[in-house]
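# Structure of the sequence below:
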Amino acid sequence: MSVTVASPLATDPDPSASNPEQLLALAWATCLNSTAQVIVAGERRTAVRVEVELHTAEPGPGYEFHVDAFMSVEGVDEAEAQRVLDAAHARCPVSKLLREAATVRVHTELYAAG
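As a prediction, this is how the structure comes out:
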């Protein structure tokens, strides 16, 4: 697999290139959603979206990612969606890498058929 990448800090980034934020979001969204599907045993549809922002590190030097994952589960109440999210977040290998970071958060949201 070959992926063209561009720095998010470039003054004129290549619009056809990916940046680290997009790749992190893609990796976590696919992993977390696949894990959620194992949790629900394929009986419900799930959806995950991940938002990644690049911020100046406090304290510096450098930068840090602020990452939010949002999971929804079709046809369940908020408590059940939270149960699925918690179970998936505990099992997903990418979540295991990220979950101790202070700038990483997970949330549930209402399922909307897309």
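# how about the residue minimising distance to the centre of the chain, what does it touch?
The residue lying closest to the centre of the chain (CA atoms, centre = their mean) is residue 50, at 3.4 Å. Neighbour list for residue 50: 24-26, 28-29, 32, 67-70 [criterion: CB atoms under 8 Å, 6 or more residues apart in numbering]. C-beta coordinates here come from the backbone N, C-alpha and C atoms, glycine included.
# Pull up the per-residue confidence for residue 4.
At residue 4, the model reports a pLDDT of 89.
# what about the residue nearest to it when sequence neighbours are not counted, how many neighbours?
The shortest distance from residue 4 to any non-neighbouring residue, by CB to CB, 6 or more residues apart in numbering, is to residue 17 (4.4 Å). When neighbours are counted by other CB atoms under 10 Å, residue 17 registers 13.
# Residue 2 is in contact with residue 17, correct?
No. Residue 17 is beyond contact range of residue 2, at 11.7 Å (criterion: CB atoms under 8 Å).
# Report the residue spans of this protein with pLDDT below the cut-off.
Scanning the chain with the threshold set as pLDDT under 70 gives 114.
# Name the single longest helix found in it.
helix 20-39 (DSSP state H).
# and that helix, C-alpha only, in PDB?
The C-alpha coordinates for helix 20-39 follow below in PDB (Å, rounded to 0.1, in the frame of the first residue of the first chain):
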ATOM      1  CA  PRO A  20      -1.600  12.200   9.600                       C
ATOM      2  CA  GLU A  21      -4.900  13.400  11.100                       C
ATOM      3  CA  GLN A  22      -6.900  11.700   8.400                       C
ATOM      4  CA  LEU A  23      -4.900   8.500   8.600                       C
ATOM      5  CA  LEU A  24      -5.300   8.300  12.400                       C
ATOM      6  CA  ALA A  25      -9.000   8.900  12.100                       C
ATOM      7  CA  LEU A  26      -9.400   6.200   9.400                       C
ATOM      8  CA  ALA A  27      -7.400   3.700  11.400                       C
ATOM      9  CA  TRP A  28      -9.400   4.200  14.600                       C
ATOM     10  CA  ALA A  29     -12.800   4.500  13.000                       C
ATOM     11  CA  THR A  30     -12.400   1.200  11.100                       C
ATOM     12  CA  CYS A  31     -10.900  -0.600  14.000                       C
ATOM     13  CA  LEU A  32     -13.500   0.600  16.600                       C
ATOM     14  CA  ASN A  33     -16.400   0.000  14.200                       C
ATOM     15  CA  SER A  34     -15.200  -3.500  13.400                       C
ATOM     16  CA  THR A  35     -14.900  -4.300  17.100                       C
ATOM     17  CA  ALA A  36     -18.400  -2.900  17.700                       C
ATOM     18  CA  GLN A  37     -19.700  -5.300  15.100                       C
ATOM     19  CA  VAL A  38     -18.200  -8.200  17.000                       C
ATOM     20  CA  ILE A  39     -19.800  -6.900  20.200                       C
END
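# Perfect, that will be all.
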